[in-house]
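Q: can't give you the sequence, but here's the structure:
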């Protein structure tokens, strides 16, 4: 597929293929639906059944358990989603199937019945599994080997993700908390439908990207499905899998946002601003806001560092992202200490924590997506992306377990423990950076030679 990609002349906008923006808006609406539902899920579960806007009346522990399992399965489903794309459908058709499943799932959640709640979650898990790894792989397919724009392209794509997350936390969060949880769930479904329609109308800009290799006009593409992996390809798979350990640790910490930090904002934070109480779900938008405003800044910092010949490999960026994430949790330690002293924590602690989490995320998450597309063998492109998202799912499960442990150890110890572990684990990987880079066999060496 690589040769085909290079021979197709693509129309560009702002220095990138127009197809990037088709994928940008598709993923924006998909993430609007997902993060909108995520912003109110735990709050819906723990709200008492007797309130004006009744929830399910679960305990915090029960809600965090479901949250952990659900967010893990959403991303673990990317493995079968990747296999189906690599072996049967191709990435483009898999994205369409996933979008349809998501529209169905979010629509079912609008029904106020317990069976509909579990059924809707099942459809969403399947839909994200089909869409998420394949649309991300398609982004990489828009760029030829060694193109320095690839990492920037993934950052632009990632900004689209977070525009959706930012708007959904405010809009779906407000609708869910004020007008009714199921109205919020239904709104998420309508927006996913917009994403599907937009993707279908943008097909002309995605020619040669996301097609099933078994039906490719390129003989080399078809043959790549049959031949065994080379020694270099095997080494690159190994370093990808090792890098996924950082992803698990990172998202085990980062996903406290929808669980323990969400509950901390609701129960322990002084949310009064000029006489008005800020909805707890709105704090979910802070991370997305920082990504939208800082995404280009962080991407340009790393690009300029690479062009100057300084250490700016994907692995180094991921290490830095993990360490910065850990530092951010020290603000949650301070917030918990303030709560214990005065009975409430100031909102600025959460804002500072999300700021550091965002810089860490921008250094790790879009970079790791790009890293997968650089190193993954063509015939396993979607599977490796699926494994990446599965590791984020395992991180989500770890996040749920850590959130549950707060009932035993307390939030102060949990937040502090997360901070220290992220920092120390990042430093440990740094020690082995040179050896890990050797396993990539120069996959990123050509990038400095291609100008923007």
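A: Cool, got the structure. Note that the structure is a prediction, hence the values are computed from the model and not measured.

Q: what pLDDT does the spatially closest residue to residue 177 that is not a sequence neighbour get?
A: The shortest distance from residue 177 to any residue that is not its chain neighbour, by Cβ to Cβ, 6 or more residues apart in numbering, is 5.3 Å, and that residue is residue 279. In this view, the C-beta of every residue, glycine as well, is placed from N, C-alpha and C. Looking at residue 279, its pLDDT stands at 81.

Q: and if you look at residue 61?
A: Confidence at residue 61, expressed as pLDDT, is 81.

Q: State the phi and psi torsions of it.
A: Main-chain dihedrals, residue 61, degrees, to the nearest 10: phi -60, psi -50.

Q: now residue 327
A: Comment: the main-chain dihedrals of residue 327 come out as phi -60, psi -40, following degrees, to the nearest 10.

Q: number of nearby residues for the nearest residue in space to it that is not next to it in sequence?
A: On the basis of Cβ to Cβ, 6+ apart, the spatially nearest residue to residue 327 that is not a chain neighbour turns out to be residue 356, at 5.4 Å. Residue 356 has 18 neighbours, counted by other Cβ atoms under 10 Å.

Q: Look up how far residue 332 lies from residue 356.
A: Here residue 356 is placed at a distance of 10 Å from residue 332 (Cβ to Cβ, to the nearest Å).

Q: quick one: contacts for the residue nearest to residue 327?
A: Each residue near residue 356 by Cβ atoms under 8 Å, 6 or more residues apart in numbering is listed here: 324, 325, 327, 328, 331.

Q: My guess is the residue nearest to residue 177 contacts residue 173. True?
A: Yes - look at residue 279 against residue 173 with Cβ atoms under 8 Å: they come within range, at 5.9 Å.

Q: Show me where the stretch 101-250 of the chain has its helices.
A: Residue ranges of the helices in the stretch 101-250 of the chain, as given by DSSP state H, counting those that start in this stretch, are 114-141, 149-174, 181-201, 219-224, 231-254.

Q: quick one, what contacts the nearest residue to residue 158 once chain neighbours are set aside?
A: Across the structure, with Cβ to Cβ, 6+ apart as the measure, the residue nearest residue 158 apart from its sequence neighbours is residue 366 (3.9 Å). Contact analysis of residue 366 by Cβ under 8 Å, 6+ apart lists 151, 154, 155, 157, 158, 299.

Q: Which pLDDT value belongs to residue 241?
A: Residue 241 carries a pLDDT score of 91 in this model.

Q: Okay, it and residue 435: tell me how far apart.
A: When distance is defined by Cβ to Cβ, residue 241 is 15 Å away from residue 435.

Q: neighbour count winner among these two?
A: Here residue 241 and residue 435 are compared on neighbour count by other Cβ under 10 Å; more neighbours surround residue 241, at 13 against 10.

Q: circling back to that earlier point, so which of the contacts of residue 366 is the closest to residue 41?
A: Proximity of the contacts of residue 366 to residue 41 (Cβ to Cβ) peaks at residue 158, which lies at 22.5 Å.

Q: Run a quick neighbour tally on that closest one.
A: Other residues within reach of residue 158, judged by other Cβ under 10 Å, total 26.

Q: tell me the contacts of it?
A: Taking Cβ under 8 Å, 6+ apart as the criterion, residue 158 is in contact with 291, 295, 362, 365, 366, 369.

Q: ok, now with 7 Å
A: 291, 295, 365, 366 (Cβ atoms under 7 Å, 6 or more residues apart in numbering).

Q: any idea of the mean pLDDT for the host helix or strand of residue 32?
A: Here residue 32, judged by DSSP states H and E, is contained in helix 18-46. pLDDT averaged over helix 18-46 equals 87, rounded to a whole number.

Q: what sits up against stretch 326-346?
A: Residues outside stretch 326-346 that contact it (Cβ under 7 Å, 6+ apart) are 253, 261, 268-270, 349-350, 352-353, 356-357, 360, 411-412, 415-416, 418-419, 422-423, 426.

Q: now those residues: which count as buried?
A: Buried members of the contacts of stretch 326-346, scored by 16 or more other Cβ atoms under 10 Å, are 253, 261, 268-269, 349-350, 352-353, 356-357, 360, 411-412, 415-416, 418-419, 422-423, 426.

Q: pLDDT on stretch 83-103, on average?
A: Across stretch 83-103, the average pLDDT comes to 91.

Q: Name the surrounding residues that touch it.
A: Everything outside stretch 83-103 that qualifies as a contact, by Cβ under 7 Å, 6+ apart, is 30, 33, 81, 123-124, 126-128, 130-131, 134-135, 137-138, 189, 192-193, 195-196, 199, 206, 210-212, 379-383.

Q: Residue ranges in the stretch 301-450 of the chain under the pLDDT threshold?
A: Scanning the stretch 301-450 of the chain with the threshold set as pLDDT under 70 gives 445-450.

Q: All the helices of it, residue numbers only.
A: Here the stretch 301-450 of the chain has its helices, by DSSP H, counting those that start in this stretch, at 314-342, 347-375, 381-409, 411-431, 433-438.

Q: Reformat the ones you listed as JSON lines; add distance to residue 62.
A: Written out in JSON lines, the entries for the helices of the stretch 301-450 of the chain read as follows (distance: least, Cβ to Cβ, whole Å):
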{"stretch": "helix 314-342", "distance to residue 62": "22"}
{"stretch": "helix 347-375", "distance to residue 62": "24"}
{"stretch": "helix 381-409", "distance to residue 62": "10"}
{"stretch": "helix 411-431", "distance to residue 62": "18"}
{"stretch": "helix 433-438", "distance to residue 62": "40"}
